[in-house]
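*Asks:* here's a sequence, model it:
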Amino acid sequence: MAQSKGFKTANRRYLQAFWPLMAVYVGTVAVTSFFIDMDTASTAVRVASAAATTLPLAGVLWVIMRLIGETDEYTRLRQLTAMARGGAISAALATFVGFLQIYGAVDTVPVFFLGPCFFLAYGFSYGAACFGKSV
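*Replies:* From the prediction side, this is the model:
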């Protein structure tokens, strides 16, 4: 079954917003990592660096939600199911690591890793749902 023109347009809009946001994210990470000495930087510079690095990822989530809103019901269900699974996996992993910390089995794990964990779990969940299924 061929995709409708509206779906192709939504995918194109998604990619046209996604890749620039990723470029801004990578650029921000590079600038904050290589050009700002976090040991001597003021609190304001650290907060600004954290906000500048987070904003493109928030934009990516917004772009994903916009794509979900512009697609058909089947694709919307697949995307939202994958997001829910990614969130559940991330929450379960965060809980497990939290208990490992409470019981002294591991040292402190930075909360930063929850974001990449979610995106990784979301991607794997969506990819796994694509195998062996057709409409």
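
*Asks:* drop to CA atoms for contacts and neighbour counts, all remaining ones
*Replies:* Will do.

*Asks:* what segments of the chain are strands?
*Replies:* In chain order, the chain shows no strands, with DSSP state E as the criterion.

*Asks:* can you list the domains in it?
*Replies:* 1-71, 72-135 (automatic domain parsing).

*Asks:* export the ones you listed as CSV, with columns for mean pLDDT and mean neighbour count.
*Replies:* Listed next are the domains of the chain as CSV, based on pLDDT from 0 to 100; neighbours: other C-alpha atoms under 10 Å:
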stretch, mean pLDDT, mean neighbour count
domain 1-71, 90, 14
domain 72-135, 91, 14
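
*Asks:* quick one, what contacts the most centrally placed residue in the chain?
*Replies:* Nearest to the mean C-alpha position of the chain, by C-alpha atoms, centre = their mean, lies residue 119 at 4.0 Å. Residues counted as contacts of residue 119 (C-alpha atoms under 8 Å, 6 or more residues apart in numbering) are residue 86.

*Asks:* could you measure from it over to residue 93?
*Replies:* Using C-alpha to C-alpha, to the nearest Å, residue 119 is found at 13 Å from residue 93.

*Asks:* same thing with residue 120?
*Replies:* 12 Å.

*Asks:* same thing with residue 29?
*Replies:* Taken as C-alpha to C-alpha, the span from residue 29 to residue 93 is 25 Å.

*Asks:* and for residue 100?
*Replies:* In terms of C-alpha to C-alpha, residue 100 sits 10 Å off from residue 93.

*Asks:* again, but for residue 30
*Replies:* Residue 30 is 28 Å from residue 93, by C-alpha to C-alpha.
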